[in-house]
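> here is a sequence with its predicted model. Questions after.
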Amino acid sequence: QVQLVESGGGVVQPGRSLRLSCEASGYTFSRHGMHWVRQGPGKGLEWVAAIWNDGSKTDYGDSVRGRFTISRDNSKNTLYLQMTSLRVEDTAVYYCARDNWIVGSITSYDYWGLGTLVTVSS
Amino acid sequence: DIQMTQSPSSLSASVGDRVTITCRASQSIRNYLNWYQQKSGKAPKLLIYAASGLQSGVPSRFSGSASGTDFTLTISSLQPEDFATYYCHQSYSAPVTFGQGTRLEIK
C-alpha cells in the first residue's frame, strides 16, 4: 500500500532554516511527481512546491519562491523541502502529496502523508 | 493566479440529506478540477478528479459535475462519516489553487 511519511518539523526561530523529508513506499517513487502543500492553523490548503518525477523541473508558490527548495532522491524514495529565512507566517502543517497525473488525465493528489508541523516563533 | 470561490463556506445538514457544494473558477479551467475531503486533524482525501471522476474506493453517493467555470460536488445521501471540510482544487495552471473550503456540520 502507498505510504508517505513526513518528518523534520519542529519549532524554529524566524530567519532560521529547516529541512523536511517525505519517505515514500508501496509504489515506484520515480514515476510520480510530488508536491508539498501546507495548512496554517485554522486555515485552508496552500500549495507550496512541486517537482517532476525525475527532478528535472520544479515550481514554487509566490510566498515561498526564493526561500524554499524542493528536491528528491529517487534512489532513496525520498522527497525534501529545504526551508530558509523562515517567517512566522510559514507556521503550518506541511503535507507531501503524490501527483496522480497520467497521460490523458489531470494533476490530482491521490495520496497524502499525515503531515509534519512547523512552528516559526521567537 | 486563478481564484477558486467555494460556496457556501459552511453548511448544516442532517443524515440522509442531499447536499451540494459549489466552486467557481475566476477563468476557464476546463475540467481540471478536483475535490478533497478533510476531517479534523487528518490529511485531505481525494474524492473526485477531473471534475466528475470518482476516485477509487470513494462511495458512489459522491459525484461531481461541471458547467463552464462552475463546479459542483454532490453528496446524494449524507452519512455520519461525511461531516468534514471539503476543498476544490484547480490544476489547470500554475500555481495550482484551492478553494477556501466548505465546512459541513451536523444539524
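Thanks, I have it.
> kindly provide the distance from the most centrally placed residue in chain A to B:P80.
Closest residue to the average C-alpha location of chain A: A:W36 at 2.5 Å, with CA atoms, centre = their mean. Applying CB to CB, to the nearest Å, one obtains 32 Å for the distance of A:W36 from B:P80. Backbone N, C-alpha and C define where each C-beta goes, glycine included.
> same check, this time on B:S93
From B:S93 to B:P80 the distance is 37 Å (CB to CB).
> higher neighbour count, those two?
Higher neighbour count among B:S93 and B:P80: B:S93, with 13 against 7, using other CB atoms under 10 Å in any protein chain shown.
> and for the closest residue to the residue nearest to the centre of chain A other than its chain neighbours, the neighbour number?
Once flanking residues are discounted, A:W36 sits nearest to A:V48: 4.1 Å by CB to CB, 6 or more residues apart in numbering or on different chains. Number of residues near A:V48 (other CB under 10 Å) recorded here: 26.
> kindly report the same for A:S17.
Residues near A:S17, counting by other CB under 10 Å, number 11.
> that one contacts A:M83, correct?
Yes: A:S17 is within contact range of A:M83, at 6.2 Å (criterion: CB atoms under 8 Å).
> the residue located most distally from the centre of chain A and A:S25, how far apart?
Most distant from the centre of chain A: A:G104, at 25.0 Å, with distances by CA atoms, centre = their mean. Distance of A:G104 to A:S25, computed by CB to CB: 27 Å.
> same thing with A:V12?
Separation of A:V12 from A:S25 (CB to CB) stands at 27 Å.
> neighbour count for the two, which is higher?
The neighbour count for A:V12 versus A:S25, taken as other CB under 10 Å, is higher for A:V12 (18 against 11).
> who's in contact with the more buried one?
A:V12 makes contacts with A:L18, A:L86, A:V118, A:T119, A:V120, A:S121, as judged by CB atoms under 8 Å, 6 or more residues apart in numbering or on different chains.
> what of A:S71?
For A:S71, the contact set (CB under 8 Å, 6+ apart) comprises A:I51, A:G55, A:T58, A:L79, A:Y80, A:Q82.
> recalculate using a threshold of 7 Å.
When the contact criterion is CB atoms under 7 Å, 6 or more residues apart in numbering or on different chains, the partners of A:S71 are A:I51, A:G55, A:Y80.
> kindly reformat these as JSON lines and extend each row with pLDDT.
What follows is the contacts of A:S71, written out as JSON lines (pLDDT from 0 to 100):
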{"residue": "A:I51", "pLDDT": "97"}
{"residue": "A:G55", "pLDDT": "96"}
{"residue": "A:Y80", "pLDDT": "98"}
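> let me know the closest of the residues you listed to chain B.
Nearest to chain B, judged by CB to the nearest CB, of the contacts of A:S71 is A:I51 at 12.8 Å.
> specify the beta-bridge partners of the closest one.
Beta-bridge pairing of A:I51 under DSSP bridges involves A:M34, A:T58.
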